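**Q** below: sequence and its predicted model.
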Amino acid sequence: MASTAPQVRAYTGLALFSFGFRPFFLLGAVWAAVSVPLWIVTYSFGPGALPFEAGLVWHVHEMLFGYGAAVVAGFLLTAIPNWTGRLPVCGTPLIVLVLVWVAGRVALLVQTDPAWIGATVDAAFLFLFAGLVWREVIVGRNTKNIKVAAAVTTLALANAGFHYLHLSSGGLPRIAINGGLATLLFMIMLIGGRITPSFTRNWLARRGAPPPVAYGRFDAAVLVFSLVALAAWVFAGDHRFAAVGMVLAGGLNVLRLARWRGYACLAEPLVLILHVGYAWAAVALLLLGLGSIVPEIVPRVAGIHAAGAGAIGVMTLAVMTRSSLGHTGRALVAGSGTVMIYFLINLAALLRVGATFLPISFQTSLNPVAALIWFGALAGFCLVYGPRLLEHHAFNLTHSLRP
C-alpha cells in the first residue's frame, strides 16, 4: 500500500485540491469571515437590509454546520490517512466534496423555493462526509477512531434535524443547535485532549522541562462524564440534574487542562493557543450549566457564545494554523501575523460573551464590534495562510495532528 506522503507528492493537479485541509480551511475561513458581518447587517438594520437571507437562524446554522463542518472535514481528511495508512482523498473526489459543501452555502443563502431543496443540498455534505469517514476507519481497521466517525455522524444528524425542525415548526430548533454545539465541544475534548498535551510534551522535552501528565484513567473518565453531561444537556437542558452535570463537567475539564502544564508554554503561541482553546470549552460547559441554574446571574446565551465564538472559534484557528504550517513544510513558528490572529479571535470571543451580561442597549453596540474583530481574525488567516494553501510545497508527514 502506498503511503500518504508519496501519494501527495505524486499529485500534479491544483495545489488547492492536493489535500483536504487546503480547500476546507481556506474556504471555511473565508465563509466565517464573510457570514458574520452579513448577519450583523441584518441584526443592525433588519431582515430587509440585504437581498438574501442572513438572519439569526441562518447565522446560527452557518457557524455550526457551515464553518464548523468545513474545519472538521479539513482536519479529518488530513488526519485519517495517517491513522489508517490509506491514501488521502485528493483531486476529483476532493473537488466533488468541496463543491457539495459550497452548494449548501449558496442554497441556504439564496433561499431555494421550495426551501426543502436547499436544506437537502446542505444536509448531503455531512452525510456524504460521514460515510467517507466510516469507510476509511472500517477498511483501515482503525477501530480506535470509530468514536470520531460516530461524532461526525451525530453532527450530520443534528444538521438534518435542524432543517427538519425549522421547516416544520419555524424558529430556532434548540435541540438541533444544542446537538451540533455538543458534538463540536466533545470533538474538541476528544481530539484537542490528545493533541494539546502531546504537542506540549514535545515542546517541553526539547527544553528539558518536566512533561505534562500522560493520558490515563482520569482523562478517560472526564471524557465519558462530559459526553453524558452533554447528552443530558441536549435533551433536557433546563433540568437541574442536566445543568449540574454540565457544571461538574466544566470543572473536571478545568482540572484536566491544569495537568498539561500550559503555563510552561507561554513562550510558544502555537502550543499555548491549544490550551486556551480547550479552556474555552471548559468555560462553555460551566456557563451552559450555570445559565440553567442561575439564569438571573448568568445569561443562557453566554454559554452558547463561549462554545461558539470561544471554544470553536479559538480551537479551529489553533488547529488550522498549526496544521497549515506543518503540512506545507513550514517551520512550526508563530509569526506576528499568527499571533495577531490568536489575539483577535480571543478578543472577539471575550466581547461576544461579555456583552451578554450587559443591557440590550450595550449589546447592540458591542456585537458589531465583536463581529468586526471576528472578521479581522478570519480574514487575517486568509491573508497569512491563503497563499501557503494555494501553492505546492513539500508535504511534512511528521507534523500530523493525531488524536
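**A** Cool, the structure landed. Numbering: from 1, shown residues only.
**Q** which ones are touching Gly245?
**A** By C-beta atoms under 8 Å, 6 or more residues apart in numbering, the residues touching Gly245 are 225, 228-229, 232-233, 289. Using the backbone N, CA and C atoms, a C-beta is placed for each residue, glycine as well.
**Q** ugh, typo on my part, it should be Ala151
**A** Per C-beta under 8 Å, 6+ apart, neighbours of Ala151: 183, 186-187, 190.
**Q** just the buried members of the contacts of Gly245?
**A** 229, 232-233, 289 (16 or more other C-beta atoms under 10 Å).
**Q** now these in TSV, with distance to Arg194, pLDDT and secondary structure?
**A** Shown next, in TSV, are those (distance: C-beta to C-beta, whole Å; pLDDT from 0 to 100; DSSP: H, G, I helix; E, B strand; the rest coil):
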residue	distance to Arg194	pLDDT	secondary structure
Ala229	20	97	helix
Ala232	24	96	helix
Trp233	23	96	helix
Gly289	25	96	helix
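**Q** TSV for the residues you listed, including distance to Cys90?
**A** Below are those laid out as TSV (distance: C-beta to C-beta, whole Å):
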residue	distance to Cys90
Ala229	38
Ala232	40
Trp233	38
Gly289	42
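**Q** would you map the helices across the stretch 251-400 of the chain?
**A** 269-293, 300-305, 313-327, 336-355, 360-390 (DSSP state H, counting those that start in this stretch).
**Q** and of those, who's closest to Ala79?
**A** Of all those, helix 313-327 sits nearest to Ala79, with 8.6 Å by C-beta to C-beta.
**Q** centre of the chain to the closest one, how far?
**A** The chain centre lies 10 Å from the centre of helix 313-327; the measure is C-alpha atoms, centre = their mean, to the nearest Å.
**Q** rounded mean pLDDT for stretch 344-353, please.
**A** The average pLDDT within stretch 344-353 is 97.
**Q** now do stretch 357-364
**A** Stretch 357-364 carries an average pLDDT of 90.
**Q** residues of that stretch that come out buried?
**A** Residues of stretch 357-364 classed as buried by neighbour count (16+ other C-beta under 10 Å): Gln363.
**Q** contacts for that stretch next, please.
**A** By C-beta under 8 Å, 6+ apart, the surrounding residues in contact with stretch 357-364 are 44, 298-299, 302, 355-356, 366.
**Q** redo that, cut-off 10 Å
**A** Residues from elsewhere that reach stretch 357-364 (C-beta atoms under 10 Å, 6 or more residues apart in numbering): 43-44, 297-299, 301-302, 352, 354-356, 365-366, 370.
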